[in-house]
Each structure stands twice: as structure tokens, then as C-alpha cells.
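Visitor: how would this look folded up:
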Amino acid sequence: MELMRCLFLHRSIHCKLCLFSILVFCQTGLSFGQIHPCESPTPSIINIDSDTDRDTAACDIDTNTVSSKTAPEEKVKMSSSLAIVPYDESSLPLFHKPVREFHIGRQKIVVKQNWKELGVAAVVWDAAAVLCEYLDQNQHLVDGRTIIELGAGSGIVGIIAAYLGGRVTITEREVAMGYLNSVVHDNIDVDKYNVSVTTLDWTSDLTEFPKPFQVILGADVIYIEETFDDLVKTFRHLSDEKTVIFISCKVRYERDSKFLEMMQKYFELKKVFNDKSRGILIYKAVKR
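Guide: A predicted model of the protein is given here:
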């Protein structure tokens, strides 16, 4: 180990990366392009896993792992200071790709992602894609109903709900409104379909939304524990006993289960869909 440290001190950065690569390959059997550190918002040294959740993207070092695509179950703890620079764009993680295309039913949705400027709010996560597919297969859940999407990010879920006949309000924080508006207007004719975009901050006054909605949609909205109380409050304010809430998420940590327990104080909660390949669950909630 002393010899290794000396080598690292006296070599260039390029040599450091090469030496580190050799060490990891020997210890784990991973192939080049399968190693990733904690995500950085700058793409010069980046995470190159193809399906990384929000917490890894936000540099949650305690849960940062390396995954082999040939052996998904094998995970190796990594330091956030180590990285491999990818050599081709195909190795970029999905949330770093500038443009992604989705085919949901008969609709083609093209999303220009903006991870560098807005981070998690300006990319499409698996939970959103799975919820879109679920709604497309169950159009009766949204057709003709008043709908609000919370923490919309790109707004892809609300867009699909509008295409399926819903009267949709797509919401996000003020900081992401420019991006959200651009994605919505690029993908749906707001004059033809009943869809609007507006600001909603869960921590702020909700009186401008006086009436309950028939359907509330939320995809990957339960990843920050500090927002849980406000999110539950928002769900309660926007709903009545006839409202149906659909929450699409990955239950990754104890805090995620804690949120579901908080919801059960006020709502009947039922798991209605499980996408095992992407690790996404969809819960249905109805007010008690």
C-alpha cells in the first residue's frame, strides 16, 4: 500500500486514473465503463451508471455504490473522490444525456434534459416513465378528470395524462418553471388539450388551490425527508374523500418507508403496481 501511495503522489492525474482502474479491475472483475463515483453536476468526471437514482445523483456518499451490469447484485463501496472519465457518449448516465425520447402508447415525447443547471428537477426518472406507462394502460383513471401533478420536473407524467383526456395542472417550484414550460410546450398543444403549468411550493400557502382535484399524481417526490410533512400537508389540502392519489417511487431507504407510514395516518394506501425490472412501485392513496 505504501508503494501505491508513492506512485499516486508522483504520477500525473492521467496515470492516477489508470492505476486506479487497474486496481478496481483486479479486485472486482468489472469492465471499463462500469465504475462510477458519487455524481458531480459537472460532466468532466461523472457517474457513468445507466440507471442511477436521485440520491446517488445528489452525492449521498453513504449509499454510493458501484454496480456491474454483468452482475447487478455485486456492489462495491467507492470513495466520492475517485472517478473514471468515459470515452464515449453512450456511456453517459441517462440523466446526463441532453435529449431523451419516450414512446408512451401513441405519443412520442422528447425531453431536453438540463442536469447541469437544474439537477434532479430537469431530468426524467424511472418513476415518471413507469407512471406514464401505467396511466396509458389504464386511461379510465384520468380521462375526463381534474388532475394535478406535484413536483413535475419535466412534466412528462402530466403531459401523458392530458393526452389521455385529463384536465391537467402541472406544478413545480418557481426555479424550474422556465424549463417545465419549455418541455410542455414542445410536446403538447396547450390550446388543443386541457393542460396548464403553474408554480406550487409545498412549503407555501396553498389557498390559491381552493378546490380538491379528482386525481393527484406524484413521481419520485418522496426522496427528501425534510419535505415529508409539507408534502403530506399538500396531499391533504388538494384532496377529498373522492380523490385518488398515485405515487410512483423507489422505496430505497428507511426514510421512504417512513413517508408511506406518515401517509397512512390520513390515507388508505395500497400498492397497485410493481415494475420489478426498474424497482418502481406505484401506490394508490384515498383519504380516510
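Visitor: okay, CA-based contacts and neighbour counts for the rest of this
Guide: Will do.
Visitor: Quick check: next helix or strand after the helix or strand where Ile247 lies?
Guide: Secondary structure assignment for Ile247, by DSSP states H and E: strand 244-249. Next along the chain after strand 244-249, taking DSSP H and E as the criterion, comes helix 254-264.
Visitor: Just the C-alphas of that following helix, formatted as CSV.
Guide: Extracted C-alpha coordinates of helix 254-264, given in CSV (Å, rounded to 0.1, in the frame of the first residue of the first chain):
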residue,chain,number,x,y,z
GLU,A,254,-35.9,3.7,5.7
ARG,A,255,-37.0,7.3,5.3
ASP,A,256,-39.0,6.4,2.2
SER,A,257,-41.0,3.8,4.2
LYS,A,258,-41.4,6.5,6.9
PHE,A,259,-43.2,8.7,4.4
LEU,A,260,-45.6,5.9,3.5
GLU,A,261,-46.3,5.4,7.2
MET,A,262,-47.0,9.2,7.5
MET,A,263,-49.4,9.0,4.6
GLN,A,264,-51.3,6.0,6.2
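Visitor: Give me the angle between that helix and strand 244-249.
Guide: If you take axes from the mean of the first three to the mean of the last three Cα atoms, to 10 degrees, helix 254-264 sits at 170 degrees to strand 244-249.
Visitor: Tell me which other helices or strands whichever helix or strand comes after helix 254-264 touches.
Guide: Following helix 254-264 in sequence order, the next helix or strand is strand 267-275 (DSSP H and E). Judged by 3 or more Cα pairs under 8 Å, 6 or more residues apart in numbering; DSSP states H and E, strand 267-275 is in contact with strand 280-287.
Visitor: My read is that Glu225 contacts Tyr253, right?
Guide: No - counting by Cα atoms under 8 Å, Glu225 does not reach Tyr253; the two are 10.6 Å apart.
Visitor: Compare the two (neighbour count), which wins?
Guide: Glu225 (13 against 10; other Cα atoms under 10 Å).
Visitor: The more buried one: what's its closest spatial neighbour, skipping adjacent residues?
Guide: In this structure, Glu225 finds its nearest non-sequential neighbour in Arg255, 6.5 Å apart by Cα to Cα, 6 or more residues apart in numbering.
Visitor: So what's the residue count around that neighbour?
Guide: The burial count for Arg255: 15, using other Cα under 10 Å.
Visitor: same deal with the one 3 residues further on?
Guide: Neighbour count of Lys258, defined by other Cα under 10 Å: 15.
Visitor: Identify the residues contacting Thr171.
Guide: Applying Cα atoms under 8 Å, 6 or more residues apart in numbering to Thr171 gives the contacts 148-152, 155, 197-200.
Visitor: Mind listing the residues bridging to it?
Guide: As for beta bridges, Thr171 partners with Thr198 under DSSP bridges.
Visitor: got a pLDDT number for the closest residue to Thr234 other than its chain neighbours?
Guide: Ranked by Cα to Cα, 6+ apart and with sequence neighbours excluded, the top spatial neighbour of Thr234 is Trp202, at 6.0 Å. For Trp202, the model assigns a pLDDT of 94.
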